[in-house]
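Asker: Pasted the sequence and its predicted model underneath.
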Amino acid sequence: MPVFLYSGPASEQKRDRLFSLVNQHLTGQVPGIVVVPDQSYVNSHKTRILLRQKERALIGQTVMTWDDLLLGWIKHNLPRVHLADQTFCHYLLFLLIEKNYPELIRDRHSAHATVLELYRFFQGLKSCGVGPEEVSQSLKNRLEQKELWALFTDYQAQLRKHHYLDQGDLYLENIKRLKENQLELPYERCHLYISQTYPLKPGQREIIRWAGQNFTNLIFHVFYDEDHTQDFYLFDKAFEDLGSLATETVAVPAPKPPKQPVIWFKNPHHEIQFALDLIQSELSRGVALEKILLVISDRQYIAPLLNRMAARKLPVSVQIPQGVTESVPVTALMGHDLDLWVDEFRKTDNLYALSKLKAQAGLDAQQATIEFIRSRLFELDQAVAEDKKHGFLEQLLKHTTVPANSFPGQIVLTTPEKALAHSNRQAVFLGCHLEAFFERRESTLFSHKLLYDADMAELLESPQYRLKLRLEKMKQWLRLSPDTLLMAPEFDFADKPATRLDLGASCELEYVSAPAPCAPEKQTLASDYYQSKKKNFSLTELEKYAECPYCYYAACHLKLDRPPVDELEPSADVKGSFVHQVLFRLIAENETLYWEGLEYASYREKLVKKLGHVIQEEIDKSEEFKKYHQKMIEFYAYRVYKTISTLLQLESENYKTAKKKTVPRHYEWSFGSDSRKPLVLDTKAGVVQIRGRVDRVDVCQASRQFSVVDYKTGQAPSLTAIKAVKSLQLPAYLIAVQQLLYPDQAPAGAYYYLLKTNEIKGFSMRETVDAGLMHKRSQLGLVEWQDLQDRFVLRLGEIVEGVRAGHFDPNPASAQLCRFCDYKYLCGYRATECEPEDDE
């Protein structure tokens, strides 16, 4: 039996080859059948055949699915059998389980899910040609769940008893009869065209293999597409997969249309920088602003793009449909004069201010601005008449209907579906990757007539169809303006890999990698970042900026989510929060027991028993832990139990040996949040307010001294880093407690409790009750402590100045930070250039 393998890109030329062969055999003596994966491919193939041939192309006769083909073979040999639908199979399985195997169902609520899972499992076995007989022969010595395989046997017996087959039986029965040479085909000679079904499933490969040995007049034509979704399946891999069956291979060359270059950047920020540099170079050559068009496919581009355009003083008219900008901060759309706008709105009797805003909104043509004004208008004083409010609103809305090309002296920023309204402009498309082109159903890409038309509603529910429409818009633009510049990132804002676009043979894209980003000292990005007058900071934000300014920018300004990671156990953040909560509850709810346990072992044993209950209660409450295997969670809970038990023993030894006399008094003490006073410091950047939370504040009432404790489930900064003010946490905690909580007491020390290794790091003050806890090298005198405070305030001022000036170039404090950074694919900075951190 010959097997022809047609290999090449997924192009119209190869599709034409397929349908010309089909029509050739339709008019001849030998029938031809097109076999497609499922019903969704049937109509498209039937239409293509009818366009080329007047002969009737019948669904189920000329074009059919694999299931239809195999069912036809079976019914030719066993006329009495019928194909059972899934509902019947599910019900049959449920009856068998309920009657004979109730132990397979845990409870009534999970019965349906269990039946579906078992049905899919049995289908998977049978579609590979494995039935009850093969299971008992091959796996009889390794069968652990006897009732599962007994159910499989009973299920098959009941189907056979009533002359039924399910979809898995189509493969099982055909493979079985082919192996025993007992299958008769309904035709003597036939051409089978396997279209869009590669890579083949195991059962399909077996059928082709055995059919080749039994039927010499059955000819297979396998059409294998090498496109961007299957680029890891090379041609030699395809041939190897089919074994020696492919007696002839036909390479179908791809057509050679003019290629549209796409510049491929490392991340969106480099893409934006390149686009704005290009625009400024065009402006310097005399190109007018009204001749430039920026097109974005992803709404996350709006905020960083507008911020950088404002920094470069590039006038822009934002014409983005409502809904695309719904999650963008108003500050990004309004520029840096938001405070002025709000102040003007508060002057309820100043109608000139409203007129000014109306005119500004009309020039900008921003739907998001209109919504902002709409909400503000209805917050005005009741003295303003309702008809005046509606009058202003109507005038504002009229401005948005003005054609975009009539706005002089502005760059237009819009989306692909609106780009055709600006065909007289030179366009730069940003974010040209597949994920960005998936559009929501309520997008303005579709008119209201289409959205609410009953005949179109079902079609528009398909994401693939909506993607096709959007790509057609892109092709239409490129035909009108072939010199358009297309750009795309390798990783998106969420640090996920981006997929390249494929517009097909009519408009082929050629991706070109952009130059590697230059080193931070050569970058000139500072003026492009957003500048602010921020005065209130969390300690976490300050620490993040000290570690790396760009990491702060991505996390705190752009508020990018961390990339999702599939893990076998909860993330470090989740586990750290869990340990903190357990320690907080254990000591706060059993304070007296904890104090007594510092001296007496019997009290400490009672506290450890309480620990087990607290851990179990916190695990039961946690929704995050329910996502993982319970054995893994139980093992983690045991580790937490042993770690905290050891910590309690360590603290008892330190107290009894007089190494540490301060004992817990405040737990999860916060400052600057809710109604609590913040830490206020006068720096060279002005007055700065800091908010934060201390895990534990320990106090010795007899000596009127205090210390701070921070629990660490990971690594802790070294004393060298603390003295160099690379780590701000412990000095900030001590200063905050002394300024806000115990102004009349002296600090005794600041410590990191390392829970993994049961070590204590940090520093203590000389000649205090906690001095013996740390080695002499880790003790500070009053002069050293005052010097550390001065350096802390100085460093704080530098950080605040950097944030306000928009200095966010990548400048990591250590290589370790780069290796584990959530945004390392965005900045493009090489971790090897970082200086290693000294340790003591």
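Answerer: Sure thing, it's come through.

Asker: same for the longest helix along the chain, what does it pack against?
Answerer: Ranked by residue count under DSSP state H, the longest helix found in the chain is helix 630-656. In terms of contacts (3 or more CB pairs under 8 Å, 6 or more residues apart in numbering; DSSP states H and E), helix 630-656 is packed against helix 572-589, helix 591-597, helix 601-621. C-beta coordinates here come from the backbone N, C-alpha and C atoms, glycine included.

Asker: Can you tell me which helices and strands the first one packs against?
Answerer: Okay, so that is helix 572-589. Packed next to helix 572-589, using 3+ CB pairs under 8 Å, 6+ apart, are helix 601-621, helix 630-656, strand 663-671, strand 686-700, strand 705-712.

Asker: Could you dump the helices and strands packed on helix 630-656 into TSV with mean pLDDT added?
Answerer: Output for those, formatted as TSV (pLDDT from 0 to 100):
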stretch	mean pLDDT
helix 572-589	88
helix 591-597	88
helix 601-621	91
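
Asker: circling back to that earlier point, angle of the longest helix of the chain against strand 686-700?
Answerer: Between helix 630-656 and strand 686-700, the angle comes out at 70 degrees (axes from the mean of the first three to the mean of the last three CA atoms, to 10 degrees).

Asker: What residues sit buried inside helix 630-656?
Answerer: Using 16 or more other CB atoms under 10 Å as the test for burial, helix 630-656 gives 633, 636-637, 640-641, 643-645, 647-648, 651-652, 654-655.

Asker: Repeat that for stretch 106-118.
Answerer: Those would be 114-115, 118, for stretch 106-118 by 16+ other CB under 10 Å.

Asker: Dump those to TSV, plus distance to residue 593, pLDDT and secondary structure.
Answerer: TSV is the format used below for the buried residues of stretch 106-118 (distance: CB to CB, whole Å; pLDDT from 0 to 100; DSSP: H, G, I helix; E, B strand; the rest coil):
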residue	distance to residue 593	pLDDT	secondary structure
114	46	84	helix
115	51	87	helix
118	51	86	helix
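
Asker: And the strands in the stretch 401-550 of the chain?
Answerer: Taking DSSP state E, counting those that start in this stretch as the test, the strands found in the stretch 401-550 of the chain are 411-414, 426-430, 485-489, 509-513, 536-538.

Asker: right, and these - which one's nearest residue 266?
Answerer: strand 485-489 (7.0 Å; CB to CB).

Asker: the inter-axis angle of the closest one versus strand 426-430?
Answerer: 10 degrees.

Asker: Pull up the pairing partners for strand 485-489, direction included.
Answerer: Strand 485-489 has its sheet partners listed here by DSSP bridges as strand 260-265 (parallel), strand 426-430 (parallel).

Asker: quick one: average pLDDT of the shortest one?
Answerer: Within the predicted structure, the mean pLDDT of strand 426-430 is 89.

Asker: The spatially closest residue to residue 570 that is not a sequence neighbour: how many residues sit nearby?
Answerer: Spatial nearest neighbour of residue 570, excluding adjacent residues (CB to CB, 6 or more residues apart in numbering): residue 624 at 5.8 Å. If you count neighbours by other CB atoms under 10 Å, residue 624 ends up with 14.

Asker: where's residue 624 relative to residue 581, distance?
Answerer: Computed with CB to CB, to the nearest Å, the distance linking residue 624 and residue 581 is 12 Å.

Asker: does residue 94 really touch residue 115, like I thought?
Answerer: Yes. Taking CB atoms under 8 Å as the definition, residue 94 is a contact partner of residue 115 at 5.2 Å.

Asker: residue contacts, residue 735?
Answerer: 679, 681, 789, 792 (CB atoms under 8 Å, 6 or more residues apart in numbering).

Asker: For the second one, give me the pLDDT.
Answerer: What that stands for is residue 681. For residue 681, pLDDT reads 92.

Asker: on that earlier part again, compare the strands paired with strand 485-489 and report which one is nearest to residue 545.
Answerer: Comparing the strands paired with strand 485-489 under CB to CB, the one sitting nearest is strand 260-265, at 25.2 Å.

Asker: Tell me the helices and strands packed up against whichever helix or strand comes after that closest one.
Answerer: In the C-terminal direction, the helix or strand that comes right after strand 260-265 (DSSP states H and E) is helix 268-284. The contact analysis (3+ CB pairs under 8 Å, 6+ apart) places helix 268-284 against strand 260-265, strand 292-296, helix 302-311, strand 426-430, strand 485-489, helix 824-827.
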